[in-house]
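Peer 1: sequence isn't available, so here's the structure alone:
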């Protein structure tokens, strides 16, 4: 079973199903999104679609209402295709534990979502994740999916890993494998068994190759669609993994075990 | 004809030929390298191999002797397989026009190399490329291949494009499509016909998709091997280009015309 462990909701819904079909992806963990770059037709509309994302990266926006809407949009699709999707729901940074708990109760648990993410800390902001770790623990073992590509620095990744060391029951998925800091990230997670490595957004095949070589049971296939097509992401990763048993683990079994799918 | 427009010299030489073979690459533009991460066996040896590269990125090293050696190594392989390779040769930053000319005469022209690169400016250092543009003009129309991924910023890319506007006869290949600044880079090169976009190191398939859509005659396939396997790079790009005529342009014809292969 091929499981894409990280796609954003794509519209219209048949487009997402078609992308999965052409990649031979059986099941997807779907994430909410406040933008839909897949609807762009040219550079002008693409820029309009991507601008809110860049504004979040740089801290210009923290769009709470847009996030609530995106969770509603996500719930509708996941409820409609239970054989295709489970979902992670977003949560804003900077809330108290009580506010987190309220958010999680209302937008995650009630929606039957199974994790929190994509969490996008700006550089220097990882400390704000402590209350999220704390709330995730209160709700059992809610996994966290954290963006670690630009603009996140390696100092931020180290802080994130310190939280993972402290909250040993919370599975933490390191989104995009640390980005340009992939090598340092691979080395840093050695003794933190609750940390998993997401292999999306690789700009070098060395990154997933070494990540899988070191952690065949803690690395997970993901496309980050619509930012990469599931087919391209699958081809890159299968090309990097020769052993068929390890390939099965990375392409589906690892995430299925982690999320009890 | 499939032409990989950017691979670094890989050792042993049969390994490079095997990577080309398995990707169906007919011809490669080969670049010198002072490191050989493809020889690493584990994270320790990989770190040792990559450290000099990171030291160049951060300005800790400017290894002139190692560069001279890498050019010698490159010449031997290219001379041995003229039906497989042509080469670009590196040049240090910070030399005067006269010193550049001497370097180009001795290490580029005499070796029958056909371009200058990979040029890796640190952020803020692009101004130092002016003397290289000037020398490239003196030697006809030597193309320049410039690294524009991390640690290069968009302000650096803009300065590079200003030089390209000034030196209209010098073909400038924007290596790695601007990295995280791919969208701004795609928009910025519109009216600079001597600028070409290298499609290697894509962490999102949106980048090559839109680059090719906008500039089907100025985008070139490259793997940046050993950092990505030629096969994975080819799969990503062919997946992003539906039109067979445009695909032929990007996968070989564009670079063949540019370099008069």
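Peer 2: Right, received. Where do you want to start? Because the structure is predicted, anything quoted here is derived from the model rather than measured.

Peer 1: close to chain B: what parts of chain A are there?
Peer 2: A:37, A:43, A:46-47, A:50, A:149-150, A:176, A:179-180, A:183, A:186-187, A:201-206, A:210, A:214, A:224, A:226-229, A:231-232, A:235-236, A:239-240 (CB under 8 Å from any CB of the partner chain). Any C-beta I mention is one placed from the backbone N, CA and C, and that applies to glycine too.

Peer 1: hmm, residue A:97 and residue A:131 touching each other?
Peer 2: Yes. Between residue A:131 and residue A:97 there is a contact at 4.8 Å, judged by CB atoms under 8 Å.

Peer 1: who has more neighbours, these two?
Peer 2: residue A:131 (19 against 15; other CB atoms under 10 Å in any protein chain shown).

Peer 1: for the more buried one, give me its contacts.
Peer 2: A:95-97, A:100 (CB atoms under 8 Å, 6 or more residues apart in numbering or on different chains).

Peer 1: for residue A:17, same thing?
Peer 2: Here residue A:17 is in contact with A:81, A:84 (CB under 8 Å, 6+ apart).

Peer 1: okay, and it sits in which element?
Peer 2: If you go by DSSP states H and E, residue A:17 is part of helix A:13-23.

Peer 1: buried stuff in that helix?
Peer 2: By neighbour count on 16 or more other CB atoms under 10 Å in any protein chain shown, the buried set for helix A:13-23 is A:13, A:16-17, A:19-20, A:23.

Peer 1: of the contacts of residue A:131, buried ones?
Peer 2: Judged by 16+ other CB under 10 Å, buried ones among those: A:95, A:100.

Peer 1: taking the contacts of residue A:131 one by one, which sit in helices?
Peer 2: Mapping the contacts of residue A:131 onto helices (DSSP state H) picks out A:97, A:100.

Peer 1: pick the one among the contacts of residue A:131 closest to residue B:60.
Peer 2: Ranked by distance to residue B:60 (CB to CB), the contacts of residue A:131 are led by residue A:95 at 41.7 Å.

Peer 1: pLDDT score for that closest one?
Peer 2: Among the per-residue scores, residue A:95 holds a pLDDT of 92.

Peer 1: I'd say it and residue A:103 touch.
Peer 2: Yes. With contact defined as CB under 8 Å, residue A:95 and residue A:103 form a contacting pair (6.5 Å).

Peer 1: next one: residue A:122 from residue B:61, what distance?
Peer 2: Remark: distance between residue A:122 and residue B:61 (CB to CB, to the nearest Å) = 31 Å.

Peer 1: what does residue A:166 give?
Peer 2: Separation of residue A:166 from residue B:61 (CB to CB): 38 Å.

Peer 1: comparing the two, which shows the higher neighbour count?
Peer 2: A direct count of neighbours by other CB under 10 Å for residue A:166 and residue B:61 places residue B:61 higher, at 15 against 11.

Peer 1: pretty sure residue A:45 is in a helix, no?
Peer 2: Yes. Using DSSP: H, G, I helix; E, B strand; the rest coil, the assignment for residue A:45 is a helix.

Peer 1: residues contacting it?
Peer 2: Counted by CB under 8 Å, 6+ apart, residue A:45 has contacts residue A:39.

Peer 1: gap between it and chain B?
Peer 2: 11 Å (CB to the nearest CB, to the nearest Å).

Peer 1: go on, residue A:162?
Peer 2: Taking CB to the nearest CB, one finds residue A:162 at 21 Å from chain B.

Peer 1: helix or strand right after whichever strand or helix holds that residue?
Peer 2: For residue A:162, the host element (DSSP H and E) is helix A:154-166. Counting by DSSP H and E, the next helix or strand C-terminal to helix A:154-166 is strand A:172-175.

Peer 1: now do that following strand: everything it contacts.
Peer 2: A:5-6, A:117-118, A:143-149, A:157, A:160, A:163-164, A:185, A:189, A:194-198, A:200, A:220.

Peer 1: so which of those residues sit within helices?
Peer 2: A:157, A:160, A:163-164, A:185.

Peer 1: what's the most distant pair in these?
Peer 2: Maximum distance among these (CB to CB): 14.7 Å, for A:163 and A:185.

Peer 1: which one's more surrounded, these two?
Peer 2: More crowded of residue A:163 and residue A:185, by other CB under 10 Å: residue A:185, with 24 against 19.

Peer 1: give me the pLDDT value at the more buried one.
Peer 2: 98.

Peer 1: surely it is in contact with residue A:156?
Peer 2: No. Here residue A:185 does not reach residue A:156: they are 11.0 Å apart, not a contact under CB under 8 Å.

Peer 1: tell me, what's touching those two both at once?
Peer 2: Shared contacts of residue A:185 and residue A:156, counting by CB under 8 Å, 6+ apart, come down to residue A:148.

Peer 1: tally of neighbours for residue A:203?
Peer 2: Residue A:203 has 25 nearby residues by other CB under 10 Å.

Peer 1: relative to residue B:9, how far out is it?
Peer 2: Distance, residue A:203 to residue B:9, by CB to CB: 20 Å.

Peer 1: same check on residue A:101?
Peer 2: Applying CB to CB to residue A:101 and residue B:9 gives a distance of 57 Å.

Peer 1: so what's residue A:75 closest to, chain neighbours aside?
Peer 2: residue A:111 (4.7 Å; CB to CB, 6 or more residues apart in numbering or on different chains).

Peer 1: in chain A, which helix or strand is least confident?
Peer 2: helix A:43-57 (a mean of 88; mean pLDDT, DSSP states H and E).

Peer 1: right, and the helix or strand after that one?
Peer 2: helix A:64-80.

Peer 1: what pairs with the next helix or strand after that next one, parallel or antiparallel?
Peer 2: Note on helix A:64-80: by DSSP H and E, the next helix or strand toward the C-terminus is strand A:85-89. Using DSSP bridges, strand A:85-89 pairs in its sheet with strand A:27-31 (parallel), strand A:115-119 (parallel).

Peer 1: average pLDDT for the first one?
Peer 2: Predicted confidence along strand A:27-31 averages 98 (mean pLDDT).

Peer 1: that one: which residues count as buried?
Peer 2: A:27-31.

Peer 1: which one of the residues you listed is nearest residue A:245?
Peer 2: Residue A:245 has its nearest neighbour among the buried residues of strand A:27-31 in residue A:27, at 19.7 Å by CB to CB.

Peer 1: give me phi/psi at the residue nearest to the closest one when sequence neighbours are not counted?
Peer 2: Excluding its sequence neighbours, the residue lying closest to residue A:27 (CB to CB, 6+ apart) is residue A:3, at 4.8 Å. Here is the backbone geometry of residue A:3 (degrees, to the nearest 10): phi -120, psi 120.

Peer 1: surely residue A:3 touches residue A:261?
Peer 2: Yes. Counting by CB under 8 Å, residue A:261 is a contact partner of residue A:3 at 7.2 Å.

Peer 1: before we move on, the earlier item: just give me the closest of the ones in helices among the contacts of strand A:172-175 to chain B.
Peer 2: Closest approach between the ones in helices among the contacts of strand A:172-175 and chain B, by CB to the nearest CB: residue A:185, at 11.3 Å.

Peer 1: quick one: contacts for that closest one?
Peer 2: A:148, A:154, A:157, A:174, A:177-178, A:197.

Peer 1: now the two most distant members of those.
Peer 2: Farthest pair in the contacts of residue A:185, by CB to CB: A:154 and A:197, 14.8 Å.

Peer 1: who's more crowded, these two?
Peer 2: Using other CB under 10 Å as the criterion, residue A:154 and residue A:197 rank with residue A:197 on top: 26 against 15.

Peer 1: which parts of stretch A:248-261 are buried?
Peer 2: Buried residues in stretch A:248-261 (16+ other CB under 10 Å): A:249-255, A:258-259.

Peer 1: neighbours around the residue in the stretch 1-150 of chain A positioned nearest to chain B, how many?
Peer 2: Nearest residue of the stretch 1-150 of chain A to chain B (CB to the nearest CB) works out as residue A:150 at 4.9 Å. Neighbourhood size, residue A:150 [other CB under 10 Å]: 17.

Peer 1: what's the pLDDT at it?
Peer 2: pLDDT at residue A:150 comes out at 89.
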